[in-house]
Each structure stands twice: as structure tokens, then as C-alpha cells.
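>>> Sequence and predicted structure below; questions after.
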Amino acid sequence: VNQQGTKLASASRKGTLIRIWDTQTKKMLHELRRGSAPATLYCISFSHDSSYLCASSDKGTIHIFAIKDTSLNKRSTLRKVGFLGQYVESQWGLANFTVPPECACICAFGPNSSVVGQYRTAIGHI
């Protein structure tokens, strides 16, 4: 849930899709694609002003999506063909970065919409 309580993020069972919902109308606002391979999502967080969303998974990636200006998100070049289905219509993250795979990682937004990730290893926090 975002800080204002107006948006809710949920993940699909496979962890490939993240859906953003309006808490007042209960309508889906956005459907975002984390990836194509099933994953366990560890964390989903909104930025302070709800312009962005970050998500971390057991695949060793943190994905950043634009919520306010979705034109910033990547899209398939095949979406212009039109008959290939929802997969090519998906909004992919505008950026991502890697962390050690299979380490439980939380992600959040810091000052000026910077993204912070923290994970735990057998040694401790990194």
C-alpha cells in the first residue's frame, strides 16, 4: 500500500506480474511485468509520491517501474503488431539492478527517489 493509502500493489502467483489497484474504486490501474520466469517476490514498495514502484525477487534483481508516467517503462517492439497477445503489451521496468540471487532482499525508496536494497547473507547484512 502506498503512503497515501490510495494504491495497492499485488503480485501474480507466478511472480511474473505486478498489478496496481486503486483502493477507492477497486479498479486495476496498471499491470507491470517483472519477468517471464516464475519467481518469489520478496518486496514491493512505492516511492514517497507514488511515482515509482520497486520490486525484489529470488532471481537476484530489483526492478523499478514508473507509475505516474508509464511511458518511461520499457515495452516490446512487437506490441505494434497487435495480434501477439498480452505478453508483448506488457510494461517492463524502466530499470533494474542485480543483487546476489536467492538472498532475501528488501527494496525501498530513499531521498530523491533513490532506490535502496538490502539483503542478508550467511555472514550478515551487506
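That came through, no problem.

>>> which residue sits closest to residue 104 in space, ignoring its chain neighbours?
Across the structure, with C-beta to C-beta, 6 or more residues apart in numbering as the measure, the residue nearest residue 104 apart from its sequence neighbours is residue 42 (5.3 Å). Where you see a C-beta, it was placed from the backbone N, CA and C, and this is true even at glycine.

>>> and that neighbour, how far is that from residue 68?
To residue 68, residue 42 is 24 Å away according to C-beta to C-beta, to the nearest Å.

>>> Now do the contacts for residue 10.
Residue 10 sits next to 18-19, 21 when contact means C-beta atoms under 8 Å, 6 or more residues apart in numbering.

>>> Are we agreed that it is in a helix?
No. The secondary structure assignment for residue 10 gives strand rather than a helix, going by DSSP: H, G, I helix; E, B strand; the rest coil.

>>> any idea which helix or strand carries the residue positioned nearest the centre of the chain?
In the chain, the centroid-proximal residue (C-alpha atoms, centre = their mean) is residue 55; its distance is 4.0 Å. Here residue 55, judged by DSSP states H and E, is contained in strand 52-57.

>>> chain center to that strand, what's the gap?
4 Å (C-alpha atoms, centre = their mean, to the nearest Å).
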